[in-house]
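Just a sequence and a predicted model for now, questions to come.
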Amino acid sequence: MLKRSTEVYTAHTLPLECDIYATNTVPDDAPAVLFFHAGGLVNWNRQCIPPWLVQICYRHGWILMSPSYRLLPQSRGPELLQDATAAYDFARTWGRTKSMPRDVILCGASGGFFLVALILNHYLPPPLAVLSIAGINTFRHPFFNSSTLLVQEPIHNEMVTRALDGPVVTGTKKAGFVGIFHPDKLTAIGSKNVNYVYPPEIEESTEATQRGLLYEYLIYKNQYLNIVGNLDRGYDWAKDPEYGFKVKDWPVSIVIHGDADRGVPLDVSEQMRACLGQDKVVIFVAKGQDHLFELDRFIEDLGPEMDTVRSAVAYLVDIVTTKKRSASCHPSD
C-alpha cells in the first residue's frame, strides 16, 4: 500500500520539506522520480501532484518525491538553483550512500520544470530521464517577454502588492483544491478510488489570493528574466558545434503538452526540441487540450488526451528499463 512520509531535505532561509510516496516493499535500487510542482514558480505547493503520476510510480516500483521550494519573487535564480540541487542530492542519496547513489528521473509541471532545467544546465550528474508536463524550460521564449496578457484586464501593482511584499513562502494551496493529491485518492492496489470525497475548499488569505495573479502579472510586466535570467541559459547554445558534447550527454526529455495551451504555449517545448534535436526532446501532443489538462486525471481515465499521457509514460518506462538493464550489464561504467 502506498504511504506518504515527509522529511526536511534542507534549510535555506526556512526548513524545506519533501513528501515521499513509496510502499514498504520498494526495491533498494528503485529509481526516484523527483517532481517539482506547478504554479509558475509563484504559487501552489508540493502536494499538487497529478494522480496519474503517482499511479505510474506506484505500479513500476518507483519512489515519488515532491519537494517544496522557495517561491518567486522573494527568491530569485540562485535560490531556485540552491533548492533544486539540494532536492536532487536528497533524492539521489535517500536510503543510499553517496558512493552508491540512487537513479533519479527529473520531472516538473509548468513552472516547476524550470527547476529541472536549472539542474540540467548547471549541475551534475545527469538524471536517468526527464519528464516535462507542459513545462517552462526557459523564460527566454518571446511568450514571456512580449507583455502577454493572459487575463481580460491588465493586472495593476496594487492588485498584487501583498504578494510582492510578503515573506518568503513555499506553498499557498489549501485543502479542497482539485490539484492536491491525497493517498486516499487511490485504492490499495493503486487504482482510482471512485469513493474519494474532496474536503471542502478552505478560503485562502489575501496574500495567497494575490499570488494566484502573480504568474499573469509577471508575464504581462516581462519580469521573469529580471528575476531568474542570470541563470536561464535558454537553448540557443545547443546550435553551436562547440557544445556538441553537452548536447550528446543531454538526457532524453519527454514532454506532455496540449496544443491549445494558453498558459505555456506548445511552442515553448517545440523551440527546446528545435535546439537540442528530436532525439533529445520527444513531444507527445494532446490535441485540443489547454494547460495542465491532466491535473486531476488518473492513468485509467478514458479519452484521447489520456491516451497521449499513456503513450508518453510508455516511452518513459522503456527508457528507464533500457538504461537500468544496460547499467546492470555494465556495472563498472
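Done, it's in.

going forward, measure contacts and count neighbours with C-alpha atoms only.
Will do.

could you pull out the strands for the stretch 1-150 of the chain?
Listed in chain order, the strands of the stretch 1-150 of the chain (DSSP state E, counting those that start in this stretch) span 3-12, 14-22, 32-36, 63-67, 104-109, 129-133.

Mean neighbour count added to those strands, as JSON lines?
Listed next are those as JSON lines, based on neighbours: other C-alpha atoms under 10 Å:
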{"stretch": "strand 3-12", "mean neighbour count": "13"}
{"stretch": "strand 14-22", "mean neighbour count": "19"}
{"stretch": "strand 32-36", "mean neighbour count": "28"}
{"stretch": "strand 63-67", "mean neighbour count": "25"}
{"stretch": "strand 104-109", "mean neighbour count": "27"}
{"stretch": "strand 129-133", "mean neighbour count": "26"}
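
Out of those strands, which gets nearest to Leu149?
strand 104-109 (21.3 Å; C-alpha to C-alpha).

Could you list every helix and strand that the closest one packs against?
Applying 3 or more C-alpha pairs under 8 Å, 6 or more residues apart in numbering; DSSP states H and E, one finds that strand 104-109 makes contact with strand 32-36, helix 77-93, helix 113-122, strand 129-133.

Which stretch among the ones you listed is buried most, on average?
strand 32-36 (a mean of 28; mean count of other C-alpha atoms under 10 Å).

quick one: that one to chain centroid distance?
Offset of strand 32-36 from its chain centre (C-alpha atoms, centre = their mean, to the nearest Å): 8 Å.

now it and strand 14-22, what's the angle there?
Put simply, strand 32-36 runs at 130 degrees to strand 14-22, going by axes from the mean of the first three to the mean of the last three C-alpha atoms, to 10 degrees.

mean confidence for strand 32-36?
For strand 32-36, the mean per-residue pLDDT is 99.

Stretch 320-333 too?
The average pLDDT within stretch 320-333 is 74.

which residues are contacting the lowest-mean-pLDDT helix or strand in the chain?
Least confident helix or strand, the chain: helix 206-220 with a mean of 90, by mean pLDDT, DSSP states H and E. Residues outside helix 206-220 that contact it (C-alpha atoms under 8 Å, 6 or more residues apart in numbering) are 39-43, 144-151, 154-156, 159-163, 166, 172-173, 224.
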